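Engineer: Okay, sequence plus prediction incoming.
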Amino acid sequence: MSNIKREQLVVIGNGIAGISTVEQIIKLGGSFDITVIGQEPHPNYNRIMLSYVLEGSKTLDDIVLNDWKWYEDNRITLHTDVTVTGIDAERKIVETDKGITVPYDKVIMATGSSPFILPVPGSDKKGVIGFRNIADCTQMLQAAQTYKKAAVIGGGLLGLEAAKGLVSLGMDVTVVHLMQDIMESQLDHTASEMLQRELEGQGIRFLLGKQTTEILGDARVTGLRFKDGEELEADLVVMAVGIRPNVAAAKLSGIEVNRGIVVNDYLQTSVPGVYAVGECSEHRGACYGLVAPLFEQGQVLAKHLCGVEGQPYEGSIVSTKLKISGVDVFSAGEFMEQAEHSVITAKDDWRKTYKKILMRDNIIVGAILFGDVSDSASLQSMIRKQTAMTEEIYHSIMGTECAGKGKGKAFSLEQMPDDEIVCGCNGVTKKAIVDAVTLQGLTTVDEIKACTGATRSCGGCKPVVEQILQSVLGDGFKTAGKQGICACTTLDRDEIIAEIRAKGLTTTKEVMHVLGWSHPEGCSKCRPAIHYYLAMLNPVTHQEEMESRFVNERMNANIQKDGTYTVVPRMYGGVTTPEDLKKIADVSLKYDVKVVKVTGGQRLDLIGVKKEDLPKVWEELDMPSGYAYAKSLRTVKTCVGSQFCRFGTQDSMGMGAFLEEKFERLDFPAKFKMAVNGCPRNCAESCTKDIGIVGNDGGWEIFIGGNGGTKARLADSFCKVKTDEELVEICGAVMQYYRETGKYLERTSEWVERMGLDTIRTAILDDPKQRKELVERIEVALQQVEDPWKKVLNDEKLRGTLYQDARPVSSK
Amino acid sequence: METKHYIPVGSENDFMLQLGKVIRLGERELAIFRTSDDLWFALDNKSPHPKGGPLSEAIVSGHYIYDPLYDWKIELSTGLVQAPDEGQVQVYPIRVVNGEVEVGA
């Protein structure tokens, strides 16, 4: 450590194993010049989360663990898209395919593994892929757009996650598995069967006991043939039969390789100065394919390299958690019973839960949980610590004691060592979490996440983090643990609304004061939310609080990244006039607008207007605000309709303009988009709008809850009406019902799913009295609104305050 | 920073509680905030977020602001970005003398 010249450390592999080791080294203050060489063109991302990307609940950006800046900040030299071809141990140089050579004093091989591709005829056809990296994931996302039928070969963890992802993408998916039981390496027959039934309910089909012998098709795959002669049609085949450690470079460099790169208890390979961690390594005959072991290895290696005293690595007890939303499965340790085991099982077909604990000489050595995995953290810890079964543990886990007290006792905070890694993805120890709670006074898992990074990635450690939090806070946990609308409160949306109503609260300050907010003036999440709820509940008496509005709604324009704004005037129903266009052109020229863009909502966006010019631009345009910046009615998109179109059955332009004018300016929980079509050809795309209207010969059909944005969702058919009056009435009632029951920032696509279409139908269609009342309430609210641009222009003080910069009064 | 020379930038009444305002001093832009307890703060009007952007339109809560573009939480008195994000904005002395606001820059 006292070397004057820093040692050169080269890390081969830019994945979780390599980078988490580097993070540990940095944390320990290791003094190295670090170079990382990675094969993929990305910074370190969380491979474990690819299934969420496929499922659509995360984006690729969400799963990046260390962005480019992290490498820069830590002065790490990073080569991406570069493959290491070998290590020259004599000259102490790492060689690559791009001609880069890097001298080293120490090398860490963290090359990971590759999907094992079955050596059957046709496995090189187009449409046959593994599920291992971003490229595979992108290929699957693309395939799902053109192809319908997918086969996943392999019913293990990865195969099932891939299958669920493909089902979410709308494909017909069949999982083909060689064994009779899925996930047979982690589950026993009973749990496997329960899991299969659950997944079948989610739309996955299974072909079990099938050996694939050939992949059919010409250039692209068309199907599979099995040993028994049967065939299955498929135009996408995902191979998920297993992984193979990437050892090519090690082999070529003369390093001892068995299945993986052979390492000792300090992760040293057969060549001095060369180490291996993660899935590429083989330790005491075991190659691991899960995240926890590679993290434990990385810790031992980091300590060793930094010269810090530490325990050798003696192998890991692996536990498994399936990352499929809504399916809870856990297994750890020895889960298959042998003669020497004594076993406790409990299967509950009504609750669909299953518990199994295996003991050898009364020591807990393995467990399986299905359906209810709340004991997974304590069981894992007990297995790791070879805890003996006691009456207390038995009652606690098997739930035989009276409800309440007994639960949770089995998890012992004291028994968990301080340096035990709780969050494997981000390397957060128990001590780091306990310190965050005790020293910084944190009380929720979200706060712990923000502070330490624990649960930030795959979320698998959330139960343990919760239990640590619970143990540290003791009785304080019950109230603290509940999630409020933000970190300032434990109250949820419905409770806040009930309190505002019951106590007659009128300002955000009052709400936060009376309801005991932890920060008296709230945060950027709750202030705008409370402001919306107050205005929605008391439309007539509510006083606008500019300082509680998000910038765009305060300025009545959309802020751009350079601090300029955009101006979008109304074009009701997407219809404009030559006079208006001329005005827009003149103003754009006069105020040096950077870009005039046609928006997706059939109007024009003047981009790049300076803040101080905004009022002048509005004044000279002399058009109403298009509310392109607000959680409010944006546009009503229309097709040409019966006025001109030969197919038109209804006047969509007229109805669109009417609806836009009637319902504009009102605040909603989130932005609100509509479309009106003159015939079922649906040229104005009703299916992706909050309310979509389709005309037909006898009236209109109304669709709700569509979204074409972040999470696309096709609108649900809500009802059909015969007259224009009914149409306007139903639209008003739906809008008001959404205003009254929606959570702030919740789009109708999420709202419809949360409430249930039937609930909304019952409230509006089956109950004419309630419908009438909803319409009356929205009419009251609509009477209060006024054009925000006019308001600014008529208020000299407001104009000066919000839009004019100050300058030195007199320069000296 | 050594001894300051204070520049008057306007009357107290030009500034509303909890609404930021930009002051242009030659090339430099400062954001002035007046918190609900009537304390005054001056910072560079540039977010420390790698993508930059102004701070003047932030939501103000207590002695903190939430960056209007990226929602970073920044302490007004020190300019320090709060965890889990990192960074710092340059802060400047500011005072009110006989109803006149003056910035030391």
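Structural biologist: Now that the structure is in, tell me what you want to look at. Numbers count the residues shown, from 1 in each chain, chains lettered A, B, ... in the order given.
Engineer: Please identify the residues of chain B in proximity to chain A?
Structural biologist: Proximity of chain B to chain A (CB under 8 Å from any CB of the partner chain) is limited to residues B:5, B:7-10, B:14, B:16-19, B:21-25, B:29, B:32, B:36, B:50-54, B:57-62, B:66, B:68-69, B:71, B:73, B:83-84, B:100. Placement of C-beta: from N, CA and C, glycine included.
Engineer: Show me just the buried residues among those residues.
Structural biologist: The neighbour count (16 or more other CB atoms under 10 Å in any protein chain shown) marks B:7, B:9-10, B:14, B:18-19, B:21-23, B:25, B:29, B:32, B:53-54, B:57-62, B:66, B:68-69, B:73 as buried among the residues of chain B next to chain A.
Engineer: re the thing from before, just to be sure, which of the residues of chain B next to chain A are found in strands?
Structural biologist: Residues of the residues of chain B next to chain A located in strands (DSSP state E): B:7-10, B:21-25, B:29, B:32, B:59-61, B:66, B:73, B:100.
Engineer: Enumerate every residue touching residue 64.
Structural biologist: In the absence of a named chain, chain A is used. The contact partners of residue A:64, by CB atoms under 8 Å, 6 or more residues apart in numbering or on different chains, come to A:42-46.
Engineer: Let me rephrase: I mean chain B.
Structural biologist: B:73-76, B:82.
Engineer: May I have the predicted confidence score for it?
Structural biologist: Residue B:64 is assigned a pLDDT of 95 by the prediction.
Engineer: Now do it against residue A:359, distance only.
Structural biologist: Relative to residue A:359, residue B:64 is positioned 53 Å away (CB to CB, to the nearest Å).
Engineer: What of residue A:688?
Structural biologist: Distance, residue A:688 to residue A:359, using CB to CB: 56 Å.
Engineer: again with residue A:381
Structural biologist: 15 Å.
Engineer: Give the residue spans of the chain that score low on pLDDT.
Structural biologist: I went with chain A, as the question did not name one. A:1-4, A:323, A:325, A:400-412, A:425, A:457-459, A:475-482, A:810-812 (pLDDT under 70).
Engineer: Switch to chain B, please.
Structural biologist: For chain B, counting by pLDDT under 70, the residues that fall below are B:1-4.
Engineer: and the closest residue to residue A:639 other than its chain neighbours, what is it in contact with?
Structural biologist: In this structure, residue A:639 finds its nearest non-sequential neighbour in residue A:683, 3.9 Å apart by CB to CB, 6 or more residues apart in numbering or on different chains. Taking CB under 8 Å, 6+ apart, we find residue A:683 in contact with A:639-640, A:677.
Engineer: Of those - the most surrounded one?
Structural biologist: Ranked by the number of neighbours (other CB atoms under 10 Å in any protein chain shown), the contacts of residue A:683 place residue A:677 first, at 31 neighbours.
Engineer: residue contacts, the residue sitting furthest away from the middle of chain B?
Structural biologist: Of all residues in chain B, residue B:84 has its C-alpha farthest from the mean position, at 21.2 Å, by CA atoms, centre = their mean. Counting by CB under 8 Å, 6+ apart, residue B:84 makes contact with A:450-451, A:453.
Engineer: Among these, name the ones in helices.
Structural biologist: Those of these mapping onto helices are A:450-451, per DSSP state H.
Engineer: Tabulate the contacts of residue B:84 (a markdown table), appending neighbour count and distance to chain B.
Structural biologist: As requested, the contacts of residue B:84 are exported to a markdown table (neighbours: other CB atoms under 10 Å in any protein chain shown; distance: CB to the nearest CB, whole Å):
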| residue | neighbour count | distance to chain B |
| --- | --- | --- |
| A:450 | 18 | 5 |
| A:451 | 18 | 6 |
| A:453 | 17 | 7 |
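Engineer: As a markdown table, the contacts of residue B:84 with distance to residue A:8 would be great.
Structural biologist: Shown next, in a markdown table, are those (distance: CB to CB, whole Å):
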| residue | distance to residue A:8 |
| --- | --- |
| A:450 | 35 |
| A:451 | 34 |
| A:453 | 28 |
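Engineer: Of the contacts of residue B:84, just say which sits nearest to residue A:292.
Structural biologist: Ranked by distance to residue A:292 (CB to CB), the contacts of residue B:84 are led by residue A:453 at 16.1 Å.
Engineer: Now do the phi/psi pair for that closest one.
Structural biologist: phi 90, psi -10 (degrees, to the nearest 10).
Engineer: Excluding chain neighbours, what is closest to it?
Structural biologist: residue A:426 (4.0 Å).
Engineer: do the same with residue A:520
Structural biologist: What sits nearest to residue A:520 in space, not counting adjacent residues and going by CB to CB, 6+ apart, is residue A:512, at 5.9 Å.
Engineer: so the one you found sits right up against residue A:521, yeah?
Structural biologist: Yes: applying CB atoms under 8 Å as the test, residue A:512 and residue A:521 come out as touching, 6.8 Å apart.
Engineer: which residues touch residue 38?
Structural biologist: This is for chain A. A:13-15, A:18, A:44, A:78-82.
Engineer: my bad, the chain I had in mind was chain B
Structural biologist: residue B:17.
Engineer: Am I right that it is in a strand?
Structural biologist: No: read with DSSP: H, G, I helix; E, B strand; the rest coil, residue B:38 is coil and lies in no strand.
Engineer: how much space is there between it and chain A?
Structural biologist: Residue B:38 sits 14 Å away from chain A, going by CB to the nearest CB, to the nearest Å.
Engineer: how far away is that residue from residue A:674?
Structural biologist: Counting by CB to CB, the separation of residue B:38 from residue A:674 is 45 Å.
Engineer: End to end on stretch A:50-65, go ahead and measure it.
Structural biologist: This stretch, stretch A:50-65, spans 13 Å end to end (CA to CA, to the nearest Å).
Engineer: what about that stretch, distance to the chain center?
Structural biologist: Taking CA atoms, centre = their mean, to the nearest Å, one finds the center of stretch A:50-65 at 6 Å from the center of the full chain.
Engineer: likewise stretch A:675-695?
Structural biologist: 30 Å.
Engineer: For it, output the C-alpha coordinates as PDB.
Structural biologist: Taking C-alpha atoms only, stretch A:675-695 is exported to PDB below (Å, rounded to 0.1, in the frame of the first residue of the first chain):
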ATOM      1  CA  ALA A 675     -59.800  12.300 -30.100                       C
ATOM      2  CA  VAL A 676     -63.000  12.400 -32.200                       C
ATOM      3  CA  ASN A 677     -63.400  10.300 -35.300                       C
ATOM      4  CA  GLY A 678     -66.100  10.500 -38.000                       C
ATOM      5  CA  CYS A 679     -66.200   6.800 -38.700                       C
ATOM      6  CA  PRO A 680     -64.700   3.500 -37.500                       C
ATOM      7  CA  ARG A 681     -61.600   3.900 -39.700                       C
ATOM      8  CA  ASN A 682     -60.400   5.800 -36.700                       C
ATOM      9  CA  CYS A 683     -57.900   8.100 -38.500                       C
ATOM     10  CA  ALA A 684     -57.600  10.300 -35.400                       C
ATOM     11  CA  GLU A 685     -56.500   7.300 -33.300                       C
ATOM     12  CA  SER A 686     -59.000   7.100 -30.500                       C
ATOM     13  CA  CYS A 687     -57.500   4.000 -29.100                       C
ATOM     14  CA  THR A 688     -54.600   5.800 -27.500                       C
ATOM     15  CA  LYS A 689     -56.500   8.700 -25.900                       C
ATOM     16  CA  ASP A 690     -57.800   9.200 -22.400                       C
ATOM     17  CA  ILE A 691     -61.200   9.600 -24.100                       C
ATOM     18  CA  GLY A 692     -61.500   8.400 -27.700                       C
ATOM     19  CA  ILE A 693     -64.700   8.900 -29.600                       C
ATOM     20  CA  VAL A 694     -65.700   7.000 -32.800                       C
ATOM     21  CA  GLY A 695     -68.700   8.100 -34.800                       C
END
